[in-house]
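Peer 1: All I have is the shape, not the residue letters:
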């Protein structure tokens, strides 16, 4: 799997958009970008994933640059409950491929 | 919404004892996984299981560990003789492999404390 680089920590005001960047300059053509988050001591929670196109679901939006070397996870209206560690993972699809969790970005949403 | 469940939520055991951690994956999922997370450290892959056999395992998953799907719903992780360093959160996950998405869904975890 391609390596990813994320800032160690970020903070955001409640109600504002949280934009979490991820660099994955060695990504290959068939690797997906996945985002998970982990709220303190809970299991990682899937957020969103994409290959080339931007994606949006009820939780977040994923913006992938045209060259696919970086991406941004956007939480449009952050709440206190969004305080968590966010992991950007680049991986191949298929059940036999195991995602590798790094340190992620610790996002703190403050009132 | 279906979810992965794990029991117990917290297990305390003495060093050298055997423990079994239980998981009920999402019912139509085909791949099952165990991960662990030592306090303050990364989430680490242990093992994946598919079609009633181990698909992949990490270096952590040595002879002290075993997995089993004893019936159509449960997926278990056994540690035969626990060590102090086995103290961690253990997460079960499951997925349905599809061509463009095989998202792993994680359970809430079991906190294992070895004394």
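Peer 2: Yep, that arrived. Remember, predicted model here, so these are calculated numbers, not experimental data. Numbers count the residues shown, from 1 in each chain, chains lettered A, B, ... in the order given.

Peer 1: quick one, strands of the chain?
Peer 2: No chain in the question, so chain A it is. Taking DSSP state E to define them, one finds strands in chain A at A:9-13, A:18-23, A:31-38, A:45-50, A:55-56, A:61-64, A:70-75, A:84-92, A:105-110.

Peer 1: Chain B, not that one
Peer 2: Listed in chain order, the strands of chain B (DSSP E) span residues B:5-7, B:10-13, B:19-24, B:31-37, B:44-50, B:53-57, B:65-68, B:75-79, B:88-95, B:105-106, B:110-114.

Peer 1: Out of these, which is closest to residue A:3?
Peer 2: Closest of the strands of chain B to residue A:3 is strand B:44-50, at 16.0 Å (criterion: CB to CB). The way it works is simple: take the backbone N, C-alpha and C, and place the C-beta from them, glycine included.

Peer 1: Could you tell me which strands sit next to that closest one in the sheet, and their orientation?
Peer 2: Sheet neighbours of strand B:44-50, with direction, are listed as strand B:31-37 (antiparallel), strand B:53-57 (antiparallel) (DSSP bridges).

Peer 1: circling back: okay if I get the strands of chain B as JSON lines plus mean pLDDT and mean neighbour count?
Peer 2: Written out in JSON lines, the entries for the strands of chain B read as follows (pLDDT from 0 to 100; neighbours: other CB atoms under 10 Å in any protein chain shown):
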{"stretch": "strand B:5-7", "mean pLDDT": "97", "mean neighbour count": "17"}
{"stretch": "strand B:10-13", "mean pLDDT": "97", "mean neighbour count": "14"}
{"stretch": "strand B:19-24", "mean pLDDT": "97", "mean neighbour count": "19"}
{"stretch": "strand B:31-37", "mean pLDDT": "95", "mean neighbour count": "24"}
{"stretch": "strand B:44-50", "mean pLDDT": "93", "mean neighbour count": "20"}
{"stretch": "strand B:53-57", "mean pLDDT": "92", "mean neighbour count": "14"}
{"stretch": "strand B:65-68", "mean pLDDT": "96", "mean neighbour count": "17"}
{"stretch": "strand B:75-79", "mean pLDDT": "97", "mean neighbour count": "20"}
{"stretch": "strand B:88-95", "mean pLDDT": "95", "mean neighbour count": "24"}
{"stretch": "strand B:105-106", "mean pLDDT": "92", "mean neighbour count": "22"}
{"stretch": "strand B:110-114", "mean pLDDT": "98", "mean neighbour count": "18"}
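
Peer 1: Tell me which of the ones you listed sits nearest to residue A:27.
Peer 2: Among these, the nearest to residue A:27 by CB to CB is strand B:44-50 (20.1 Å).

Peer 1: got a list of what the residue nearest the centre of chain B touches?
Peer 2: Residue closest to the average C-alpha location in chain B (CA atoms, centre = their mean): residue B:34, at 2.9 Å. Contacts for residue B:34 (CB atoms under 8 Å, 6 or more residues apart in numbering or on different chains) come out as B:21, B:23, B:46-47, B:67, B:77, B:90-93.

Peer 1: ok, those vs chain A, which is closest?
Peer 2: When these are ranked by distance to chain A (CB to the nearest CB), residue B:91 comes first, at 4.8 Å.

Peer 1: Distance check, the closest one against residue B:25.
Peer 2: The gap separating residue B:91 from residue B:25 is 12 Å, by CB to CB, to the nearest Å.

Peer 1: Enumerate the residues of chain B near chain A.
Peer 2: If contact is defined as CB under 8 Å from any CB of the partner chain, the residues of chain B in contact with chain A are B:4, B:30-31, B:33, B:42-45, B:48, B:50, B:55-56, B:89, B:91, B:93, B:95-109, B:111.
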